[in-house]
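Asks: Coordinates for the following, if possible.
(one chain, ligands or ions: 1)
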Amino acid sequence: MVKKSSESAKNPLAKGTKTSLGSSSLRSKASSKPSSISRSKSSSKQGSQTNSKVSAKAKTEKKQLKSKAKADSNPKTKTIKSEKSIKLVSKATAHEMMARLRKLYPDADCELNFESAFQLLTAVIMSAQTTDVQVNKVTGKLFSKFPTAKDLAEGDIEKIKEIIKPTGYYNAKAQSIQTCAQQLVTRFGGVVPQTLEELTTLPGVGRKTANVVLGVVFGERGWTVDTHVQRITKRLGLTKNDDPYKIELDLQKLFPDDDWSLLSITIIWHGRRMCFARKPDCTVCPLNEICPSSEV
Ligand code: SF4
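Replies: As a prediction, the model looks like this:
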């Protein structure tokens, strides 16, 4: 259930690396060895080997995450009607399209569960290359164990990994959310900053993630250009750009700034429910006679 956050006064919606191997099992094995010095060296060497393996895994996962995100966000990789021929629509048609989508999804809202700005920020970082449903399956346990930035910053990384494993790329994601929490604590007193400039200085936080948090928790205006918004705005003829920032600028010119956050979420809902990447459900789409990419 979503509750108001104490960090979000403006929100109208509001809503070391210590491994587990280090304790009893190693100590009991070590107690049978003759020298405490050699035990300590052996343990430390083992620890550093484990850490370097873990860090290598996290690095590999980070690379995989980046290349998958790049491929997914490239509309040319999608099997859809040729986008080269799609002409830009007029402002009036663009507004009509959004009015129909708003009517179709009057309850469109952020689908991630959270109880504070920190929790939403963490959930959005974990949502890379997975669904909100999948993230919601792990956040209950994660946030009951580590409810604040300080708790997560000081948490056992192995425990964090174990909890978030179902979201995929869990080595890289665990490292990202913990490093982000650590920087929130050391640089911002554990409180999520409320500006795009500050938010995007945090590890794992890009423009898209920052705009979600600013729009959903703090009620700030901003376009969240994720893979759905990127794909659908192009199909609808609202932009010809591939670059998320350029798309954001095109959309800013088309719609009033008060609507930016809500329209982002509405388009994301359409992408999840009807205008799918590979087989958009054009036959039942209320935009099918005004959408330049309609396949009916
Ligand atoms: S008509 Fe088809 S391509 Fe156009 S918005 Fe609807 S589902 Fe997407």
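Asks: C-alpha only now, for contacts and for neighbours.
Replies: OK.
Asks: Correct me if wrong: P193 contacts L202.
Replies: No - counting by C-alpha atoms under 8 Å, P193 stays clear of L202, with 9.8 Å between them.
Asks: ok, for the spatially most central residue of the chain, nearest residue in space, not its chain neighbours?
Replies: What sits nearest the mean C-alpha location of the chain, by C-alpha atoms, centre = their mean, is V124, with 2.9 Å. Of all residues not flanking V124 in the chain, T209 sits nearest, at 6.2 Å (C-alpha to C-alpha, 6 or more residues apart in numbering).
Asks: before we move on, what about K62?
Replies: What sits nearest to K62 in space, not counting adjacent residues and going by C-alpha to C-alpha, 6+ apart, is A172, at 5.4 Å.
Asks: could you dump stretch 175-182 to PDB, C-alpha only?
Replies: Coordinates of the C-alpha atoms in stretch 175-182 are reproduced here as PDB (Å, rounded to 0.1, in the frame of the first residue of the first chain):
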ATOM      1  CA  GLN A 175      25.700  -2.600  -5.900                       C
ATOM      2  CA  SER A 176      23.800   0.300  -7.600                       C
ATOM      3  CA  ILE A 177      21.100   0.600  -5.000                       C
ATOM      4  CA  GLN A 178      23.600   0.400  -2.100                       C
ATOM      5  CA  THR A 179      26.100   2.800  -3.600                       C
ATOM      6  CA  CYS A 180      23.200   5.200  -4.300                       C
ATOM      7  CA  ALA A 181      22.000   4.900  -0.700                       C
ATOM      8  CA  GLN A 182      25.500   5.500   0.600                       C
END
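Asks: Please give the centre-to-centre distance between that stretch and its chain.
Replies: Mean-position distance between stretch 175-182 and its chain equals 14 Å (C-alpha atoms, centre = their mean, to the nearest Å).
Asks: What mean pLDDT does it get?
Replies: Averaging pLDDT along stretch 175-182 yields 98.
Asks: From here on, call the first residue 53.
Replies: Yep, numbering from 53; the last one is stretch 227-234 now.
Asks: and the stretch 203-348 of the chain, which residues reach the ligand?
Replies: Proximity of the stretch 203-348 of the chain to the ligand (C-alpha under 6 Å from any ligand atom) is limited to residues R287, M326, C327, P332, D333, C334, C337, L339, N340, C343, S345, S346.
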